[in-house]
Each structure stands twice: as structure tokens, then as C-alpha cells.
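S.K.: What follows is a predicted protein model with its sequence.
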Amino acid sequence: MRGGRDIAAVTDATFRLHRGECLALIGESGCGKSVLASALLGLLPGNARTEGHAWLSGDDDRLDLLTADERTLARTVRGRRIGLVPQSPAAHLTPVRTVRSQLRETIRELTGRRDGEEAAAARAAFPADHLDRHPHQLSGGLAQRAATALALVGDAPLLLADEPTTGLDRALVDRTVDELRAQVDRGHTLLVITHDLAAAKRIADRVAVMYAGRIVELADAEAFFGAPGPRHPYARGLLDALPERAFTPIPGMPPELGDLPAGCAFAPRCPRAADACAAVPPLTDGVACHHPRSARA
Ligand SMILES: Nc1ncnc2c1ncn2[C@@H]1O[C@H](COP(=O)(O)OP(=O)(O)OP(=O)(O)O)[C@@H](O)[C@H]1O
Ligand code: NI
């Protein structure tokens, strides 16, 4: 939207999130992951436009998150039906108040109860003897857990975690991921956004790969990270770039969303590009590519 232009940050995103599963949304920086998450929470900036639907199914109703009014979202959705585990806990926690007081307030707001801080902290493996600390007295990992504890207070069936492990070392990434996975195993549904493929592999049941604002592959995590592997050449390239795999970066850079090539946005970087790629490939059978690797290859 720089210079007054409209940018399609997310296009044709179609996916289903099944109850009790974890879907990892992966892709390079700037591909539209956070915009997609913000749209689901009604947190896009005021000048943003959306089209289509995002149905949130409850026990006996269904709500379109894209058209719901702010009052409904604020009163019944955020915190209660969708818990947000923020990208940056530091920005989410109030610096001048202890973790206990922030938990207490959120518990009161969402449940009406006046106690339960310890139990809430325990659900995110936040140590009870740190409850009276201020956020700046916490390590990055503990701040992340405090933010996660806050996100879990409302016992929302759907959890949305945007880069919950950014800036953490590998051991803490694993712990944070395992704690989130434990929520899924307890019946929560989780949409986790990450560019950490190892974290995605550890936590996800299914994977959605985004490139330049579009979902280019939707796959079962086991098939994606194991055999037969990714089917979209971009997804394959992402995995091949990992140090523990071929360690071969994808040539070139992702395109600017305001200046997308015509046709398949990945074609200029794609080893398999051909004439057909002049047309945008629809997501068919889990992959948006004119020449995907065969599912059985
Ligand atoms: N408020 C905004 N106004 C204009 N453009 C925006 C706005 N928010 C995001 N964008 C653009 O939308 C695109 C997608 O951004 P988004 O934050 O969703 O990427 P991302 O995949 O989450 O990246 P990262 O991994 O870095 O978090 C980017 O090109 C960004 O510049
Ligand atoms: Ni993001």
C-alpha cells in the first residue's frame, strides 16, 4: 500500500482447520502469513480489505470472522474462541505489571474468577515462583511462556500462534513447541505460523506452504517432511536449503507483493518452470503447480 497502491498480501487462501489438529503455516518472511492470521482475528489495519469467508464453527453456530463486527470479535471471539499466542511476548506483556497481576486480570475478564493464576501459569509451564516478577526480569523463554499462559486462560478451542519461537534457542524452541503440542493433544486446534521448519516438523499434523501471498502446498506433515516429501518445487527448495539436508539455497529472492510476475510467482526461481507457468496454477489436490512432483515419487 506504499504510495497509495493496493497490495494483495494474501490471495485465494483456502484451507480447512480440523478440530484437534495442528496446521503449520510456513514460508519466507513477507509471504503473507501474519496478514492471514490478523485477518482471522479481525486485527487488520482499518484500510485493509478482505473478500470471502473464514468460518469459525462452534458447537451450535458458525461465525464468519471476516465479516463479524468488532464488538462480536472483541467480546466473544478473541481470547474466548481464539487464543492468540503472540509473535513478540515482550510487546504483549505489560512492562509495569507482574505476571501474576496480568494473569489475574485476564482470568477475571474471561472467566469472572478471582483466582487461578497458579493453575494458568502451570498450563504453559511457567514456574509459579516467577509469578511476581515483571516481564523485564524474565528470560525470553519465560516471557514466551507467560504470554502463552495468558493466551490459554480463556480455554479457547482454537489457538493461533504467530512465530511463537522466534529468538529462542533450540532447546527453548523445542520446549515451547512441545507445550503447544500438548494443548493440541488436549483437544485444542492450533494454527502455528513459523519459518522454522524443524519446529513445524515437530508440532504439525498438516503443513500449508505460502509463497507470495498464496498457499502453494497443503500436505500431511509426515508425508511432507518424510517420504515422499514436498510436491511443490518451492516447498522442496525450502527443505533442500536446510543445513541438515542439501544446504542448497533457492536461487534469487521472493518477489515484491506489489510487483508480482504474471503467472506462477515462483516460476522465475523454479528449476522446473515451463511455458504453462505463464498462468497462475490453482491449488489442485494439495498443490498449486503445473508440474508438481508426483505424490508417489
Ligand atoms: N499494514 C500494512 N500495510 C501495508 N502492507 C502491509 C501491512 N502489513 C503487512 N503488509 C505487507 O504484506 C506482506 C505480508 O506481510 P506479513 O507480515 O503477512 O508476512 P509474514 O509472512 O508474516 O512475514 P514474517 O515471516 O516476516 O513475519 C508484506 O509484503 C508486508 O509488507
Ligand atoms: Ni509474520
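M.R.: Thanks, I have the structure now. Ligands and ions are numbered 1, 2, ... in the order given.

S.K.: need the contact list for Pro230.
M.R.: Val209, Glu217, Ala219, Phe224, Arg236, Leu238, Leu239, Arg293 (CB atoms under 8 Å, 6 or more residues apart in numbering). All C-beta spots, glycine's among them, are computed from the backbone N, C-alpha and C.

S.K.: Quick check: strands, which of those residues are part of them?
M.R.: Val209, Glu217, Ala219 (DSSP state E).

S.K.: Just the closest of the residues you listed to ligand 2, please.
M.R.: Closest approach between those and ligand 2, by CB to the ion: Val209, at 14.6 Å.

S.K.: From ligand 1, how far off is the closest one?
M.R.: 11 Å (CB to the nearest ligand atom, to the nearest Å).

S.K.: And for Ala219?
M.R.: 19 Å.

S.K.: Kindly report the same for Leu159.
M.R.: With CB to the nearest ligand atom as the criterion, Leu159 and ligand 1 are 17 Å apart.

S.K.: What are the boundaries of the strands in the stretch 51-200 of the chain?
M.R.: 55-57, 62-64, 82-85, 158-162, 189-194 (DSSP state E, counting those that start in this stretch).

S.K.: Mean pLDDT for these - can I get that in TSV?
M.R.: Shown next, in TSV, are the strands of the stretch 51-200 of the chain (pLDDT from 0 to 100):
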stretch	mean pLDDT
strand 55-57	95
strand 62-64	96
strand 82-85	93
strand 158-162	95
strand 189-194	96
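
S.K.: okay if I get these as JSON lines plus distance to ligand 2?
M.R.: Compiled in JSON lines, the strands of the stretch 51-200 of the chain are given as follows (distance: least, CB to the ion, whole Å):
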{"stretch": "strand 55-57", "distance to ligand 2": "21"}
{"stretch": "strand 62-64", "distance to ligand 2": "23"}
{"stretch": "strand 82-85", "distance to ligand 2": "13"}
{"stretch": "strand 158-162", "distance to ligand 2": "6"}
{"stretch": "strand 189-194", "distance to ligand 2": "6"}
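
S.K.: Any chance of JSON lines for the ones you listed, columns mean neighbour count?
M.R.: Shown next, in JSON lines, are the strands of the stretch 51-200 of the chain (neighbours: other CB atoms under 10 Å):
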{"stretch": "strand 55-57", "mean neighbour count": "14"}
{"stretch": "strand 62-64", "mean neighbour count": "12"}
{"stretch": "strand 82-85", "mean neighbour count": "24"}
{"stretch": "strand 158-162", "mean neighbour count": "23"}
{"stretch": "strand 189-194", "mean neighbour count": "23"}
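
S.K.: Kindly present those as TSV, with separate columns for distance to Pro228.
M.R.: Output for the strands of the stretch 51-200 of the chain, formatted as TSV (distance: least, CB to CB, whole Å):
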stretch	distance to Pro228
strand 55-57	31
strand 62-64	35
strand 82-85	32
strand 158-162	28
strand 189-194	23
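
S.K.: To Gly141, which of those strands lies closest?
M.R.: When the strands of the stretch 51-200 of the chain are compared by CB to CB, strand 82-85 sits nearest Gly141, at 13.6 Å.

S.K.: ok, residues contacting that closest one?
M.R.: 40-41, 56, 78, 147-148, 151-154, 156, 158-162, 164, 180.

S.K.: swap the cut-off to 6 Å and go again
M.R.: Under the criterion CB atoms under 6 Å, 6 or more residues apart in numbering, residues Thr148, Ala151, Gly154, Ala156, Leu158, Leu159, Leu160, Ala161, Pro164 lie in contact with strand 82-85.

S.K.: Check stretch 99-115 too.
M.R.: Gly79, Thr94, Gly116, Glu117, Ala120, Leu131, Asp132, Ala146, Leu150, Val153, Gly154.

S.K.: Good, wrapping up.
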